[in-house]
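Peer 1: Quick one, what's the 3D model for this:
(chains A and B)
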Number of protein chains: 2
Amino acid sequence: MPLNPADDAFAETLSRALPGGTLRRAEPRYLEEPRGRWQGISGWVALPRNVEEVSAIVRACNDARVGLLPYGGGTGLVGGQIAPEGPAPLVLSLERMSAVRATYPEENVLVAEAGAVLADVQAAALEANRLFPLSLASEGTARIGGLLSTNAGGVNVLRYGNAREQVLGLDAVLPDGTIWHGLKRLRKDNTGYDLRGLLLGAEGTLGVITAAALKLSPVPAATATALLAVESPAAALSLLALARDQLGEMVSAFELIGRMGFRFLAEALPEVRQPFAEAPAWCVLVELGLAQGMDPEGALETLFTAGMEAGLISDGLVAQSEAQALQFWEIRERIPEANRHIGAIASHDVSLPLSVLPAFIDTGLERLAQVGDFRVNCFGHLGDGNLHYNVFPPQGRKKQDYLDVRAGVQRCVHDLVNEMGGSVSAEHGIGRLKVDDLERYSDPAKLAAMRAIKAALDPKGIMNPGAVIRA
Amino acid sequence: MPLNPADDAFAETLSRALPGGTLRRAEPRYLEEPRGRWQGISGWVALPRNVEEVSAIVRACNDARVGLLPYGGGTGLVGGQIAPEGPAPLVLSLERMSAVRATYPEENVLVAEAGAVLADVQAAALEANRLFPLSLASEGTARIGGLLSTNAGGVNVLRYGNAREQVLGLDAVLPDGTIWHGLKRLRKDNTGYDLRGLLLGAEGTLGVITAAALKLSPVPAATATALLAVESPAAALSLLALARDQLGEMVSAFELIGRMGFRFLAEALPEVRQPFAEAPAWCVLVELGLAQGMDPEGALETLFTAGMEAGLISDGLVAQSEAQALQFWEIRERIPEANRHIGAIASHDVSLPLSVLPAFIDTGLERLAQVGDFRVNCFGHLGDGNLHYNVFPPQGRKKQDYLDVRAGVQRCVHDLVNEMGGSVSAEHGIGRLKVDDLERYSDPAKLAAMRAIKAALDPKGIMNPGAVIRA
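Peer 2: Below you'll find the predicted structure:
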């Protein structure tokens, strides 16, 4: 049975059951998304102040068979937060539930509401002399609920894991409106199925996360940052193994940047300072987060020497100050901006088993060359096997001229990823963008199990309809 | 509709569809469990050699509405592997699927079949100069499939996480017999719901794990082990915070031992060497796993000095050799054996938020004193907030005289755990022992969601019937 739209009549009825100002007409910002690919059609947004109000809203939607679109910071890149078609769902924004409720430094735990902005959570942790390690480009806008619902990744996954690994407990509202009080601050809890892990990464299709007990970590006593030029992705991976043999978990980040990344920065953002006189074929941005009593320069020097001796490193720059470390990070973090200026024909967020990653990069270029003349900017979280593998027109051409090959380019890249045992969505999720990919590449047994779970927990299909799983 | 028994007629029919010798009459070892609490009633055991045979067996059971009992090493402590009543299920032992299929040292990944013994997996990892960190007392017998299905814990959770955190991908057979090919070696994969995390910890009630891609870690370059006497559990926790501030993830284990633990060893296992002239009120066994270039003695000395200065440590012994480190670990690891000799009235595997743990220990003693005259041996994985809180008769009395108070003791302890935001099963799982506890203490919304998921994935209820969720 199809869903009903969240029309004025529904909104006005619901409005009367809630405190004044909880429902509003949806402003444009709820109907846009970062890449401008879709335009939302929702007419109303609900802005609850607490979990009871969330529960009342979800229950009303379920009773009236009206779709519900949980909304965090709106930074998602796969359209999970936007409904461009179908009966208009009610947008449920968690922005008024943005408190960091408590920090427990002696437990390494912080409890935050779903609407808390990531940067605020990071700051609250630091105030307690602890680290909340989840870190990504949109951290000033992205909210905890969305980050957890999409199992966000970022630059520190190598050391600390994905968003799912940062969560001890959750409060959530399930699709029938019942509240799951699961905000436990426990490291070990084997009482039944991992409902927590199931909601994390479900992109709002199985319920609404309203609060989370998050794991904190000790703040490393010292950090050390370097840009190391390597000959190839294979050399970069050998260097990573060497670094981890020497330093274990203290390797916090290990990011790959290719020559194309430097060129794009020079082309689109000439104000970004180029660190090498001549851009190396490949380079890695290494960040170490060290224990007390360790010498950051010494640790990097040991790594550098071993890497040189093993023939893995050809050149390198060690940050001499925090300012220089930030400069190195700026190079990495502004590549996506340069990409937007140049205009990608197709972007891919893929992961591969580490050992096949070099072959993937080479074979990908070969296969794409058969499709057309492209430039590929391949960069990302090498330590996690996660590449942002983005395809651009040759210099001087525009992406608009390539609209007809876009689907073919994506198919070419994703088919190769699938052949090599990889994932076509490493950290961004499925949203609405990759529903077809999920159906094409997923194991049928997994897909059937997902559909069965969705039907069991959300039989009317009200939660984020059209995302992840087709109705 | 009730299940049918796996009787001779069913077994003989199934037998003909499988290679010779796949089905056997169940030997006594499949019908016993470590604490001798239950006796299994199954008449037949299936011993498949590969996932296709597992699939055929599960499908046949599903078609005939016959229960299936997945069986690993048989070391579980909550009766998840034994059916003492009801229509006899078919035991499905994974012991013939025990290969470590491959190690990928450059990826920090190992792929093992579900029947692989934990010690063999650890050894295979070490052979590749890598660490598989899951470690617990039964590691010479416990098998990977059972360890993952129960989300096992052990002594290294503080640093490396529970079993669930060790798994990248799974192959499994779902309750209708379909095979989920999910043996991916990826650090990041956001393509749909976390079916992996759902099967991990489901204790065989949602399917049969047949193989796993497991995360490996670098082997620490050096280890350092010490027994440090502290005044109280609160002091132990402050010392842990201090250690983690200094050393971050390099604190590998942090185990609590109380005076009662030393007394029980002296009473039951006098051959175990007592490390202190007089047993301290409380002590912690600390193990550091250090990076290259770090001095183990220096790291411990820094910690010891800071702990003394903060008034947290009153005495301490630093292992001077690997043999002495093993001796320290022997003290910790033989406490359960001493407990068995003395005979517990009731054993509890509980976890609490770290900051309320000291209050739990004190209040627990007060409340138990109102129930009767007991001795409490409280020890365990302090760093995880996980205590084994076991209650014994006074010296000279036998547990047999206390059968009538057992349920009251358990209720007293579990009620307190629940009041304080803890878990009544930290690492052992629910099995059959704690089904009532799960129903009593679980959040109703979570329980309803669990039942809905179980009904969706296993509508006939054939998978490990009676465990975790009541039919």
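
Peer 1: Break down the stretch 101-250 of chain A into its strands, ranges please.
Peer 2: In the stretch 101-250 of chain A, strands defined by DSSP state E, counting those that start in this stretch lie at A:109-113, A:130-131, A:167-173, A:179-182, A:208-215, A:217-218, A:222-230, listed in chain order.

Peer 1: Actually, the stretch 301-450 of chain A.
Peer 2: Secondary structure of the stretch 301-450 of chain A (DSSP E, counting those that start in this stretch): strands located at A:313-318, A:349-351, A:375-381, A:386-392.

Peer 1: May I see these organised as TSV, with mean neighbour count, distance to chain B and mean pLDDT added?
Peer 2: Backbone N, C-alpha and C define where each C-beta goes, glycine included. What follows is the strands of the stretch 301-450 of chain A, written out as TSV (neighbours: other CB atoms under 10 Å in any protein chain shown; distance: least, CB to the nearest CB, whole Å; pLDDT from 0 to 100):
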stretch	mean neighbour count	distance to chain B	mean pLDDT
strand A:313-318	18	17	95
strand A:349-351	28	5	97
strand A:375-381	22	8	96
strand A:386-392	25	5	97
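
Peer 1: Any idea which of these gets closest to residue A:338?
Peer 2: Set against residue A:338 and scored by CB to CB, those come closest in strand A:375-381, at 8.2 Å.

Peer 1: Any chance of the strands of the stretch 101-250 of chain A in a markdown table with mean neighbour count and distance to chain B as columns?
Peer 2: Output for the strands of the stretch 101-250 of chain A, formatted as a markdown table (neighbours: other CB atoms under 10 Å in any protein chain shown; distance: least, CB to the nearest CB, whole Å):
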| stretch | mean neighbour count | distance to chain B |
| --- | --- | --- |
| strand A:109-113 | 25 | 7 |
| strand A:130-131 | 24 | 10 |
| strand A:167-173 | 24 | 8 |
| strand A:179-182 | 20 | 4 |
| strand A:208-215 | 27 | 9 |
| strand A:217-218 | 21 | 5 |
| strand A:222-230 | 23 | 11 |
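
Peer 1: re earlier: tell me which of the strands of the stretch 301-450 of chain A lies nearest to residue A:15.
Peer 2: The stretch from these with the least distance to residue A:15 (CB to CB) is strand A:349-351; that distance is 38.7 Å.

Peer 1: closest point of the stretch 101-250 of chain A to chain B, which residue?
Peer 2: Using CB to the nearest CB, residue A:197 is the residue of the stretch 101-250 of chain A that sits closest to chain B, at 3.5 Å.

Peer 1: you'd agree that residue is up against residue B:198?
Peer 2: Yes - using CB atoms under 8 Å, residue A:197 makes contact with residue B:198 at a distance of 6.9 Å.

Peer 1: With neighbour numbers in mind, choose between the two.
Peer 2: Remark: of residue A:197 and residue B:198, residue A:197 carries more neighbours, 23 against 20, as counted by other CB atoms under 10 Å in any protein chain shown.

Peer 1: contacting residues for the residue nearest to that one when sequence neighbours are not counted?
Peer 2: Sequence neighbours aside, residue B:197 is the residue nearest to residue A:197 in space, at 3.5 Å (criterion: CB to CB, 6 or more residues apart in numbering or on different chains). By CB atoms under 8 Å, 6 or more residues apart in numbering or on different chains, residue B:197 lies in contact with A:164, A:194, A:197-198, B:164.

Peer 1: And the furthest pair within those?
Peer 2: For these, the farthest-apart pair by CB to CB is A:198 and B:164; their separation is 12.2 Å.

Peer 1: Next, count neighbours for residue A:394.
Peer 2: Applying the criterion other CB under 10 Å, we find 9 residues in the vicinity of residue A:394.

Peer 1: Next: the one 5 residues further on.
Peer 2: Neighbour count of residue A:399, defined by other CB under 10 Å: 15.

Peer 1: can you tell me how far it sits from chain B?
Peer 2: Residue A:399 sits 25 Å away from chain B when distances are taken as CB to the nearest CB, to the nearest Å.

Peer 1: quick one: contacts for that residue?
Peer 2: When contacts are counted by CB under 8 Å, 6+ apart, residue A:399 is found next to A:343-345, A:392-393.

Peer 1: Kindly recompute the last result at 10 Å.
Peer 2: For residue A:399, the contact set (CB atoms under 10 Å, 6 or more residues apart in numbering or on different chains) comprises A:342-346, A:391-393, A:406.

Peer 1: Do you know the pLDDT at it?
Peer 2: In the predicted model, residue A:399 carries a pLDDT score of 94.

Peer 1: same check, this time on residue A:197
Peer 2: For residue A:197, the pLDDT comes out at 97.

Peer 1: Could you do residue A:137 as well?
Peer 2: Reported pLDDT for residue A:137: 89.

Peer 1: That one and residue A:340 touch, don't they?
Peer 2: No - under the criterion of CB atoms under 10 Å, residue A:137 lies out of contact with residue A:340, with a separation of 11.6 Å.

Peer 1: more neighbours, those two?
Peer 2: When neighbours are counted by other CB under 10 Å, residue A:137 comes out ahead of the other of residue A:137 and residue A:340, with 16 against 13.

Peer 1: so what's the residue nearest to that one when sequence neighbours are not counted up against?
Peer 2: Closest residue to residue A:137 in three dimensions, ignoring its sequence neighbours and counting by CB to CB, 6+ apart: residue A:333, at 5.7 Å. Going by CB under 10 Å, 6+ apart, residue A:333 touches A:136-137, A:155, A:255, A:272, A:285, A:326.

Peer 1: which one of those is nearest residue A:450?
Peer 2: Proximity of the contacts of residue A:333 to residue A:450 was ranked by CB to CB; the top entry is residue A:136 with 25.6 Å.

Peer 1: wait, what's in contact with the closest one?
Peer 2: The contact partners of residue A:136, taken as CB under 10 Å, 6+ apart, are A:75, A:118, A:142, A:147, A:152-157, A:163, A:333, A:427.

Peer 1: Please flag which of those residues sit within helices.
Peer 2: The helices, defined by DSSP state H, take in A:118, A:147, A:157, A:333 from the contacts of residue A:136.

Peer 1: Identify the residues contacting the nearest residue to residue A:350 once chain neighbours are set aside.
Peer 2: Using CB to CB, 6+ apart and skipping residues adjacent in sequence, the residue nearest residue A:350 is residue A:417, 4.7 Å away. Contact criterion CB under 10 Å, 6+ apart gives A:348, A:350-352, A:360, A:364, A:387, A:389, A:423-426, A:437, A:441 as the residues in contact with residue A:417.

Peer 1: out of those residues, who's nearest residue B:104?
Peer 2: When the contacts of residue A:417 are compared for distance to residue B:104, the smallest value, 12.3 Å, is given by residue A:352; criterion: CB to CB.

Peer 1: Compute the distance between that closest one and residue A:254, please.
Peer 2: In this view, residue A:352 and residue A:254 are 15 Å apart by CB to CB, to the nearest Å.

Peer 1: The two - which one has more neighbours?
Peer 2: residue A:352 (28 against 24).
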